[in-house]
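In: Can you look at this prediction? I've put the sequence above it.
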Amino acid sequence: MKIAVLGGGNGSFAAAGDFALQGHEVRLWRRDASAVAEHRAAGSRILVKDSNGRHDVQLTVVTTDIAEAVHDAELILCPAPAFAQPNIAKLLAPHLTDGQVVFLPPATFGSLIFATVARDAGNRASASFAETGTLPWLTRKHGPFEVAITIRAKRLPVGVFPLKNASHALEVIGRAFPGVIEPCGDALSGALMNAGPIIHPPLIVMNAGPIEHFERWDIHKEGTQGSIRRVTDALDAERIAVREALGYGGPHFPLAHHYAIEGEQWMYGRGSHDRLTDSGDWRERIVLREHRYMREDLRLGLSLLVSVGELAGVATPLARAFLAIGGAICGEDFMKDGRTLASLGQGGVGREQLQVLLREGFEP
């Protein structure tokens, strides 16, 4: 199938390389013109490293022209950070056509942003927007055109906007991720599956001292101690309570299963945490006030959780506490400047009205 991949980070390179490895026609778009020129000069190839060895794969197109990348693409995959979504959505909006599926893994309710921006751009194409709970690959780039994939996702709960397009959207996404996709309802349900705002805020806030002290720090290994795990479980309980209050059924993919070596399989399968830390790829320099775990997962992810919790009538004290502490670290008001239903254009909307929007989409 024809797949466009947007972005130049770890997830985008894992996606482009893995899809090409599967035999799909892959077009990679990124904004950095010099990086694109270098990639083309190197043959538009990606070296994928996984448990089966090294795979030198060929991309169909590497381009700075988003129209060229997405033309006739059945699936448009955008694993860019949530804070990059509004800008990418504006670039993409004029070029969407009927039947195309935009997949955001994960998204912090970014599916609504992409749909809203397309509507505001005057594009009335019947496109679908979907999001899931995690990046489909545990991955890190090892060079400008080289990416290591530690784990491929085993289960991906996917929500679709508008929900009425779910059958088509899930079929398209399922061809790119065979045997992995699990419907979880509408896009807000998909957003509330996002593991990043649950696992990362406790890690980056409760490890702030060693993060600032050590040159390189693996918060998933040295920083994942019993006390932090208990806080993570409590924060996850708030997420699940919000899901249940909104009527979303299980499975809720509790984060505790990510650490388990037996029992129900989590998104990355059993024992995935140990494989992540064993890889050594997450021992990195972390700039506390700039890192994606702070700027995306805490600032945007938890502000969304608090906002949706308010709509659902569910208290989220831990999410609020991390927003307050993270905001103090960065000298900002994360709740005011984060991602809320109000900032997404749905302020003051009741539950029933929101459910209609999630099901039917915007009026033509």
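Out: Right, received. Where do you want to start?
In: how far does stretch 40-48 stretch from start to finish?
Out: Distance between the two ends of stretch 40-48: 17 Å, counting by CA to CA, to the nearest Å.
In: Any buried residues in that stretch, and which?
Out: 44-48 (16 or more other CB atoms under 10 Å). Where you see a C-beta, it was placed from the backbone N, CA and C, and this is true even at glycine.
In: Same question for stretch 162-174.
Out: Result for stretch 162-174 [16+ other CB under 10 Å]: buried residues 162-163, 165-166, 169-170, 172-174.
In: coming back round to it: show only the entries of the buried residues of stretch 40-48 found in helices.
Out: Among these, no member is found in helices (DSSP state H).
In: out of these, who's nearest residue 132?
Out: Nearest to residue 132 out of the buried residues of stretch 40-48 is residue 48 (CB to CB; 21.1 Å).
In: tell me the SS of residue 282?
Out: In three-state terms, and counting by DSSP: H, G, I helix; E, B strand; the rest coil, residue 282 is coil.
In: Surely residue 341 touches residue 353?
Out: No - applying CB atoms under 8 Å as the test, residue 341 and residue 353 come out as separate, 11.2 Å apart.
In: which one among the buried residues of stretch 162-174 gets closest to residue 57?
Out: residue 173 (20.7 Å).
In: which stretches of the stretch 151-300 of the chain aren't confidently modelled?
Out: Scanning the stretch 151-300 of the chain for pLDDT under 70 picks out no residues.
In: all strands of it, in order?
Out: Secondary structure of the stretch 151-300 of the chain by DSSP state E, counting those that start in this stretch: the strands cover 156-161, 181-186.
In: quick one: pLDDT of residue 363?
Out: Turning to residue 363, the model gives it a pLDDT of 84.
In: residues in contact with the nearest residue to residue 39 once chain neighbours are set aside?
Out: Among residues not flanking residue 39 along the chain, residue 62 sits closest, at 4.7 Å (CB to CB, 6 or more residues apart in numbering). Residues in contact with residue 62 (CB atoms under 8 Å, 6 or more residues apart in numbering) are 27-28, 30, 36, 39-40, 44.
In: element containing residue 62, please.
Out: Using DSSP states H and E, residue 62 falls within strand 61-63.
In: Against which helices or strands is the helix or strand following that strand packed?
Out: Using DSSP H and E, the next helix or strand after strand 61-63 towards the C-terminus is helix 66-70. When contacts are defined as 3 or more CB pairs under 8 Å, 6 or more residues apart in numbering; DSSP states H and E, helix 66-70 packs onto strand 2-6, strand 25-29, strand 61-63, helix 85-92.
In: What residues of the helix or strand just after helix 66-70 count as buried?
Out: Using DSSP H and E, the helix or strand that follows helix 66-70 towards the C-terminus is strand 75-77. Residues of strand 75-77 classed as buried by neighbour count (16+ other CB under 10 Å): 75-77.
In: what do you get for stretch 68-84?
Out: Going by neighbour count (16+ other CB under 10 Å), the buried part of stretch 68-84 is 69-70, 73-82, 84.
In: before we move on, the earlier item: now the buried residues of strand 75-77 in TSV, with distance to residue 178 and pLDDT?
Out: What follows is the buried residues of strand 75-77, written out as TSV (distance: CB to CB, whole Å; pLDDT from 0 to 100):
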residue	distance to residue 178	pLDDT
75	13	98
76	18	98
77	15	98
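In: element containing the residue nearest to residue 347 when sequence neighbours are not counted, please.
Out: In space, and not counting its chain neighbours, residue 347 is closest to residue 341: 6.0 Å by CB to CB, 6+ apart. Using DSSP H and E, residue 341 falls within no helix or strand.
In: Look up how far residue 305 lies from residue 341.
Out: Counting by CB to CB, to the nearest Å, the gap from residue 341 to residue 305 is 11 Å.
In: The two: which has the busier surroundings?
Out: Just comparing residue 341 and residue 305: by other CB atoms under 10 Å the higher neighbour count belongs to residue 305, 30 against 20.
In: ok so, going back, neighbour-wise, which of the contacts of residue 62 leads?
Out: Using other CB under 10 Å as the neighbour criterion, residue 28 leads the contacts of residue 62 with 27 neighbours.
In: you'd agree it is up against residue 63?
Out: Yes - with contact defined as CB under 8 Å, residue 28 counts as touching residue 63 (7.4 Å).
In: Turn the strands of the stretch 151-300 of the chain into TSV, columns for distance to residue 358 and mean neighbour count.
Out: Listed next are the strands of the stretch 151-300 of the chain as TSV, based on distance: least, CB to CB, whole Å; neighbours: other CB atoms under 10 Å:
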stretch	distance to residue 358	mean neighbour count
strand 156-161	6	27
strand 181-186	4	21
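In: Take these and lay them out in CSV including distance to residue 276.
Out: Shown next, in CSV, are these (distance: least, CB to CB, whole Å):
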stretch, distance to residue 276
strand 156-161, 17
strand 181-186, 22
